[in-house]
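Trainee: pasting the structure only:
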């Protein structure tokens, strides 16, 4: 832990009281000047810190920023979030997580950014998230599985994000197969899982989540299909709280999957799914099919009953609800 | 094409005759001094070029180096080898190919190196190839498929390499499931396929081949399990010829697979396989099984009949022949 993080820890533990500069010096083993420098850095980072002669320093408020110190503070996970990389602005969190993984970052490593300059969703599509308004978070994972066994990861991520949002805000997003989260029929979260693998084993996965929290306006062209927790009536929610809850939920479902298989996660997923037992249209890269969404099978494929009564399994595609 | 490559082309087309410096200047549109410079560069690269006053230049010999100009010279493929990157020494050709692919290199891009400083095989194992003695070649591929559909690529690569070696040297390597090439029971070629993908589509594959051609000695610790075409009695073979044949064969089987599915390739693969209809031992990351290698199924999995008559399908593992 850095000296700065140690000072922040002291301030937090003493809240709402003051800690004397002398105490800080003694406990952390640095000079008064060094303390003052770190306090200034913390202030620049947005921490409200009161300084009163003869009494010392007092933490007034924590900024709405996804700093590693805040994310990791008391996070009771076993491996998720043991390393957290924070960036004010990034090309994309998935790309950064990939580069870290290629350089050896361990499973559970978290990458967050306040802004992405080239964030992208599935199939190369874009992702809109104005600075500081959402959660842009990518996880490095190193499960000992084959490439074909990876799809459940995206589905358990959808369950984890939905649970986290519900626990923090009371709003329960529905899941649209395979992994979009919807509130009022509009997208509130996108998930992009990327893989680096040999034929018989995965080197690593990167699971990226783009989550709209406090965004109060979307560009004209996506206004009908995108929403945020704020716009959906969830009020102003702490991004930090949602993120921390997500990391906990993620670890829970991820470990459940590795230990007990896909079934328990799939049950949760189905409960939250809004595209089952409904007439749907599915567009694959080659065709468009219509039918009744009967089920999702054990591999995560969508099972459609077509007009002629045939059952078809879809591994990939874009689903929309048919009305009438 | 570079001016240097154009000059080389002129020299090749005129063999065994001389081309006058004047002709070169006129046809390529550069000065006598520039011609002289390029000739010197070609000589530094190992080309034997005779220069006689009033007669001009004559190509005597081409170096045993895997230069792009030589690889691409008259290569009648549709997409494989349209871009070739050559390196005297590389960390690993797979890594370089991956970085090129991440930067947008198109399918069919070839990376070759005379030497790898950190070449690696499947499951993170090493690969021994002294400088200039073998073929170290990686291909970038961008098939429109899902991650689970990729394993045939490795198997068709084994077929392509085996065919290329047989056509050039007369020696026909056998295939050991899933993708090692053996001559006299020793490994002559290793294949490492790596994948970058989303859950429902592949971004790109990199297929790396390490092929022992003229290596005349292996380190003590792998002498019993490794061989080269030279050591196997194939004589001194032109690496260039094997590589060019491989690229042609690869494209043939790759396109056959995309157009007609895995079956035709699998038939070829089975014909060359030396671990079918035999008692084998297979070690997976978790267990060791013994049985009779009955077949390879349509997904490329090895089918083993165990002692109790049960059929088991193995997607991954290390196979060895059982003797007695």
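Mentor: On my side now, so go ahead. Here the structure is a predicted model, which means the values were calculated and not measured.
Trainee: next SSE after the lengthiest strand in chain A?
Mentor: Taking DSSP state E as the criterion, chain A has its longest strand at strand A:186-198. Using DSSP states H and E, the helix or strand that directly follows strand A:186-198 along the chain is strand A:202-212.
Trainee: elements contacting that following strand?
Mentor: helix A:93-102, strand A:134-141, helix A:151-169, strand A:186-198, helix A:239-260 (3 or more Cβ pairs under 8 Å, 6 or more residues apart in numbering or on different chains; DSSP states H and E). For the C-beta atoms, the positions are set from N, CA and C on the backbone; glycine is no exception.
Trainee: tell me the buried residues in the second one?
Mentor: Of the residues in strand A:134-141, A:134-141 count as buried by neighbour count, 16 or more other Cβ atoms under 10 Å in any protein chain shown.
Trainee: how far away from the center of its chain is it?
Mentor: 5 Å (Cα atoms, centre = their mean, to the nearest Å).
Trainee: now the angle from that strand to strand A:186-198?
Mentor: On the basis of axes from the mean of the first three to the mean of the last three Cα atoms, to 10 degrees, strand A:134-141 is oriented at 20 degrees to strand A:186-198.
Trainee: partners of strand A:134-141, with directions?
Mentor: strand A:110-113 (antiparallel), strand A:202-212 (antiparallel) (DSSP bridges).
Trainee: can you tell me which residues contact the residue in chain A sticking out farthest from the centre?
Mentor: Each residue of chain A has a distance to the centre, and by Cα atoms, centre = their mean the biggest one is for residue A:54: 43.1 Å. Applying Cβ atoms under 8 Å, 6 or more residues apart in numbering or on different chains to residue A:54 gives no contacts.
Trainee: wait, is it part of a strand?
Mentor: No - remark: residue A:54 does not belong to a strand; assigned using DSSP: H, G, I helix; E, B strand; the rest coil, it is coil.
Trainee: sorry, back to before: format the strands paired with strand A:134-141 as JSON lines; extra columns: mean neighbour count and distance to residue A:62.
Mentor: Below are those laid out as JSON lines (neighbours: other Cβ atoms under 10 Å in any protein chain shown; distance: least, Cβ to Cβ, whole Å):
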{"stretch": "strand A:110-113", "mean neighbour count": "26", "distance to residue A:62": "15"}
{"stretch": "strand A:202-212", "mean neighbour count": "25", "distance to residue A:62": "20"}
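Trainee: and the nearest residue to residue A:169 once chain neighbours are set aside, how many neighbours?
Mentor: Spatial nearest neighbour of residue A:169, excluding adjacent residues (Cβ to Cβ, 6 or more residues apart in numbering or on different chains): residue A:234 at 4.1 Å. Residues within reach of residue A:234, counting by other Cβ atoms under 10 Å in any protein chain shown, total 20.
Trainee: contacts only, for residue A:234.
Mentor: A:165, A:169-171.
Trainee: ok, and the most crowded of these?
Mentor: Busiest of the contacts of residue A:234 [other Cβ under 10 Å] is residue A:165, holding 27 neighbours.
Trainee: phi, psi of the nearest residue to that one once chain neighbours are set aside?
Mentor: Nearest non-adjacent residue to residue A:165, counting by Cβ to Cβ, 6+ apart: residue A:173, 5.6 Å away. Backbone dihedrals for residue A:173, given as degrees, to the nearest 10, come out at phi -70, psi 150.
Trainee: wouldn't residue A:307 be in contact with residue A:290 here?
Mentor: Yes - when contacts are counted by Cβ atoms under 8 Å, residue A:307 is listed as touching residue A:290 (7.2 Å).
Trainee: for chain B, what are the nearby residues on the stretch 151-300 of chain A?
Mentor: Counting by Cβ under 8 Å from any Cβ of the partner chain, the stretch 151-300 of chain A comes close to chain B at A:151, A:153-154, A:178, A:192-201, A:203, A:285.
Trainee: farthest pair in those?
Mentor: A:201 and A:285 (27.0 Å; Cβ to Cβ).
Trainee: who's more crowded, residue A:307 and residue A:290?
Mentor: It is residue A:290, of residue A:307 and residue A:290, that has more neighbours when counted by other Cβ under 10 Å, with 13 against 9.
Trainee: secondary structure element for the more buried one?
Mentor: Taking DSSP H and E as the definition, one finds residue A:290 inside strand A:288-296.
Trainee: check whether the helix or strand following that strand contacts chain B.
Mentor: Using DSSP H and E, the next helix or strand after strand A:288-296 towards the C-terminus is strand A:302-305. No - applying Cβ under 8 Å from any Cβ, one finds strand A:302-305 out of contact with chain B, separated by at least 11.5 Å.
Trainee: which ones are touching residue A:112?
Mentor: Each residue near residue A:112 by Cβ under 8 Å, 6+ apart is listed here: A:66, A:71, A:84-87, A:93, A:135-138, A:243.
Trainee: what stretches of chain A score poorly on pLDDT?
Mentor: By pLDDT under 70, the low-scoring segments of chain A are A:119-125, A:323-324.
Trainee: domains of it?
Mentor: A:3-61, A:68-272, A:279-321 (automatic domain parsing).
Trainee: deepest of those domains, which one?
Mentor: Mean neighbour count (mean count of other Cβ atoms under 10 Å in any protein chain shown) peaks for domain A:68-272 among these, with a mean of 20.
Trainee: straight-line length of that one, end to end?
Mentor: Start and end residues of domain A:68-272 are separated by 30 Å (Cα to Cα, to the nearest Å).
Trainee: how distant is that domain from the center of its chain?
Mentor: 3 Å.
Trainee: reformat the buried residues of strand A:134-141 as JSON lines; add distance to residue A:303.
Mentor: Shown next, in JSON lines, are the buried residues of strand A:134-141 (distance: Cβ to Cβ, whole Å):
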{"residue": "A:134", "distance to residue A:303": "33"}
{"residue": "A:135", "distance to residue A:303": "32"}
{"residue": "A:136", "distance to residue A:303": "33"}
{"residue": "A:137", "distance to residue A:303": "31"}
{"residue": "A:138", "distance to residue A:303": "30"}
{"residue": "A:139", "distance to residue A:303": "29"}
{"residue": "A:140", "distance to residue A:303": "32"}
{"residue": "A:141", "distance to residue A:303": "27"}
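Trainee: which one of these is nearest residue A:159?
Mentor: For the buried residues of strand A:134-141, the nearest to residue A:159 is residue A:139 (14.5 Å; Cβ to Cβ).
Trainee: any idea how far residue A:7 is from chain B?
Mentor: 40 Å (Cβ to the nearest Cβ, to the nearest Å).
Trainee: all helices of the stretch 1-150 of chain A, in order?
Mentor: If DSSP state H, counting those that start in this stretch is used as the criterion, the helices of the stretch 1-150 of chain A fall at A:3-14, A:21-28, A:32-44, A:68-72, A:93-102.
Trainee: so what does the longest one touch, helix or strand wise?
Mentor: Yep, that's helix A:32-44 we're talking about. Packing contacts for helix A:32-44, counted by 3+ Cβ pairs under 8 Å, 6+ apart, involve helix A:3-14, helix A:21-28, strand A:48-52.
Trainee: who's in contact with the shortest one?
Mentor: To tie it back to what came earlier, the one meant is strand A:48-52. With Cβ under 8 Å, 6+ apart as the criterion, strand A:48-52 contacts A:11, A:18, A:39, A:42-43, A:57-63.
Trainee: again with the longest one
Mentor: With Cβ under 8 Å, 6+ apart as the test, helix A:3-14 has contacts from A:1, A:19, A:23-24, A:27-28, A:30, A:34-35, A:38-39, A:41-42, A:47, A:49, A:57-59, A:69, A:73.
Trainee: how far does that helix sit from the chain's center?
Mentor: With Cα atoms, centre = their mean as the basis, helix A:3-14 stands 26 Å off its chain's centre.
Trainee: and the residue farthest from the centre of chain A, how far is that from chain B?
Mentor: Taken as Cβ to the nearest Cβ, the span from residue A:54 to chain B is 58 Å.
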